[in-house]
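Visitor: for reference, the sequence and a predicted model appear below.
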Amino acid sequence: MLDDTHDPALRSWVDSANDGATDFPVQNLPFGRFRRAGTEEPYRIGVAIGDQVLDLKMALEQCPWDNFHYRMLEPLAAGNLYHLMSLGPKARHEARAALSNALRHNSVQGPFLELCLVPQARAEMTLPCRINDYTDFYTGIHHAQTVGKLFRPDAPLLPNYKWVPIGYHGRASSIIVSGKGFARPSGQMKGTDGTPVFGACRALDYELELGALIGPANAMGEPVGIEQAEDRLFGMVLLNDWSARDLQAWEYQPLGPFLGKSFATTISPWVVTMDALAPFRKRADRPEGDPQPLPYLDSTENREQGAIDITLEVWLQTPQMKFQGLPAVRLMQSSFLDAYWTLAQLVAHHTSNGCNLSSGDLLGTGTLSGPTPGQGGSLLELTQGGRQPITLPGGEQRTFLLDGDTVTLRGRCARAGFASLGFGECVGQVGA
Ligand code: MN
């Protein structure tokens, strides 16, 4: 649904939001949870605008609001994003309209809100909300095909792939926000002679994914139909599903990923709402010759605009590159349009057995690789299972990640006639 908040002509009184290269123009307005770095202030919800954050706690105190908007902002000022998430699309539209009005050029609130900005460089971000449950899907068909080929050359794509959105239950406790480091995991893996050994992971990888945060919950026993599934989505983040390939290869059969994945998952701090993404919706058609989805995963709306045009990138910088003054290098680029299943299909499928999703639950898309070999969304793909090292600026080689390596995911949406916007960065450093 498009409205005046998507008008490409809108400008903000925050100058940096009017730079065409920013991820956070006034048409985006993503939510994040933060406090000023170096303080022990309670976390509050903020809105990214240009290179600043509008602090909604300060905004509530320093700016006059009518009763309706004051009550809308109160939970956000207290650091609670759940409340808005749980209310659904109508409340989210209202909050977006109010923030768009307040942040646009010549707004009457502008002079008050100028005092409520915190530079993003001085904001300490945390997870946007407590994430109680996390499911990771496998919607990247090119990833499924390439990885399938490595493990099963004769049958890369399993027969259920084009019928069932495949997923596994991820671990919510080890989800961390962008910028936080994590230790290289240890675990059990096959030794060189085939005998299992326990030790530090030697095949540490990233996975380029998007995550969707659930808005309103559904009750247990009450599936969400595909027609209502979009209303259950609140917004999206970038997601890095760090993976220990050696642990994974040894443990994954028959029940799927476990310790090879559960040690850390990084998400970007800014939740880009489904409203901000509305201009970038696209048709979601099955390739010719593929089976049509079963009725519970199919709707006219889903076919007409179930997909979202998001361009994704992975960047890498090693400690040696940093030491030599070399910037991060882009390893690949892909598009969320290549995903085989839409977010609405994931919600409908996840709840089809009566499973209840809660506000703030996270659904990962799975690794979003593109169709060509250079578009692998993980090192596993780019190095053909660790057999073909990639060469980096400065001459170093990598098959998998070494300690100190920094992986940055980026995502951006562009369409002629609309303001481009992005997700900010999802950064993680190994062993930091
Ligand atoms: Mn994954």
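Guide: Cool, the structure landed.
Visitor: low-scoring stretches of the stretch 201-350 of the chain, by residue?
Guide: In the predicted model of the stretch 201-350 of the chain, no residue satisfies pLDDT under 70.
Visitor: and residue 356, how many residues sit next to it?
Guide: Per other CB atoms under 10 Å, the neighbour tally for residue 356 reads 16. Heads up, the C-betas are built off the backbone N, CA and C, glycines and all.
Visitor: what about the longest helix in the protein?
Guide: helix 89-103 (DSSP state H).
Visitor: give me the buried positions along that one.
Guide: Neighbour counts over helix 89-103 (16 or more other CB atoms under 10 Å) mark 89, 91-93, 95-100, 102-103 as buried.
Visitor: just stretch 169-187 next, same as before
Guide: With burial defined by 16+ other CB under 10 Å, the residues of stretch 169-187 counted as buried are 170-172, 174-179, 181-182, 184-185, 187.
Visitor: please apply the same query to stretch 361-371.
Guide: 361-370.
Visitor: just to revisit the earlier point, which elements pack onto the longest helix of the chain?
Guide: Contact analysis of helix 89-103 by 3 or more CB pairs under 8 Å, 6 or more residues apart in numbering; DSSP states H and E lists strand 44-49, strand 52-55, helix 67-77, helix 82-87, helix 110-113, helix 274-277 as its packing neighbours.
Visitor: can you give me the mean pLDDT across the second one?
Guide: With pLDDT averaged residue by residue, strand 52-55 scores 98.
Visitor: nearest to the ion: which residue in the protein?
Guide: Per CB to the ion, residue 241 is where the chain lies closest to the ion, at 3.5 Å.
Visitor: my read: residue 190 touches residue 196, true?
Guide: Yes - shown here, residue 190 and residue 196 form a contact pair, counting by CB atoms under 8 Å, at 5.9 Å.
Visitor: so what sits against both of these two?
Guide: Among the neighbours of residue 190, those also in contact with residue 196 (CB atoms under 8 Å, 6 or more residues apart in numbering) are residue 250.
Visitor: looking at those two, which is more packed in?
Guide: Using other CB under 10 Å as the criterion, residue 190 and residue 196 rank with residue 190 on top: 13 against 9.
Visitor: which ones are touching that one?
Guide: 196-197, 246, 249-250.
Visitor: now with 6 Å, please.
Guide: The contact partners of residue 190, by CB atoms under 6 Å, 6 or more residues apart in numbering, come to 196, 250.
Visitor: how close does it get to residue 309?
Guide: 41 Å (CB to CB, to the nearest Å).
Visitor: list the buried residues of stretch 151-163.
Guide: Going by 16+ other CB under 10 Å, stretch 151-163 has these buried residues: 161-162.
Visitor: now the nearest residue to residue 342 once chain neighbours are set aside: how far from residue 343?
Guide: Ranked by CB to CB, 6 or more residues apart in numbering and with sequence neighbours excluded, the top spatial neighbour of residue 342 is residue 306, at 3.5 Å. Here residue 306 is placed at a distance of 8 Å from residue 343 (CB to CB).
Visitor: the more surrounded of these two?
Guide: Here residue 306 and residue 343 are compared on neighbour count by other CB under 10 Å; more neighbours surround residue 343, at 27 against 24.
Visitor: surely the more buried one touches residue 211?
Guide: No - when contacts are counted by CB atoms under 6 Å, residue 343 is not listed as touching residue 211 (10.1 Å).
Visitor: would you mind listing what in this protein touches the ion?
Guide: 136, 207, 241 (CB under 5 Å from the ion).
Visitor: 6 Å instead?
Guide: 136, 207, 209, 241, 364, 366-367 (CB under 6 Å from the ion).
Visitor: from those, which land in strands?
Guide: 136, 209, 364 (DSSP state E).
Visitor: show me which of those residues is closest to residue 375.
Guide: residue 209 (14.2 Å; CB to CB).
Visitor: what's opposite the closest one in the beta bridge?
Guide: residue 239 (DSSP bridges).
Visitor: neighbours around it, how many?
Guide: Counted by other CB under 10 Å, the residues lying close to residue 209 total 29.
Visitor: and if you look at residue 72?
Guide: By the criterion of other CB under 10 Å, residue 72 has 19 neighbours.
Visitor: same check on residue 74?
Guide: Neighbourhood size, residue 74 [other CB under 10 Å]: 15.
Visitor: break down the stretch 101-250 of the chain into its strands, ranges please.
Guide: Along the stretch 101-250 of the chain, counting by DSSP state E, counting those that start in this stretch, strands occupy 117-119, 123-126, 134-137, 167-169, 175-177, 186-190, 196-200, 204-205, 208-214, 233-240, 243-244.
Visitor: and those: which comes nearest residue 387?
Guide: strand 204-205 (13.9 Å).
Visitor: direction included, what does the closest one pair up with?
Guide: The strands that strand 204-205 pairs with in its sheet are strand 243-244 (antiparallel) (by DSSP bridges).
Visitor: gap between the strand it pairs with and the chain center?
Guide: The gap between where strand 243-244 is centred and where its chain is centred comes out at 18 Å by CA atoms, centre = their mean, to the nearest Å.
Visitor: contact partners of it?
Guide: With contact meaning CB under 6 Å, 6+ apart, strand 243-244 is reached by 185, 201, 204-205, 207, 260-261.
Visitor: reformat the buried residues of stretch 361-371 as a markdown table; add pLDDT.
Guide: Converted to a markdown table, the buried residues of stretch 361-371 look like this (pLDDT from 0 to 100):
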| residue | pLDDT |
| --- | --- |
| 361 | 98 |
| 362 | 98 |
| 363 | 98 |
| 364 | 98 |
| 365 | 98 |
| 366 | 98 |
| 367 | 98 |
| 368 | 98 |
| 369 | 98 |
| 370 | 98 |
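Visitor: quick one: which of these is nearest residue 154?
Guide: Nearest member of these to residue 154, counting by CB to CB, is residue 369, at 20.9 Å.
Visitor: enumerate every residue touching that closest one.
Guide: If a contact means CB under 6 Å, 6+ apart, then residue 369 has 140, 142-143, 334, 375-377, 381 as its contacts.
Visitor: now neighbour count too, for the residues you listed, in a markdown table please.
Guide: Output for the contacts of residue 369, formatted as a markdown table (neighbours: other CB atoms under 10 Å):
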| residue | neighbour count |
| --- | --- |
| 140 | 29 |
| 142 | 22 |
| 143 | 29 |
| 334 | 26 |
| 375 | 22 |
| 376 | 25 |
| 377 | 29 |
| 381 | 27 |
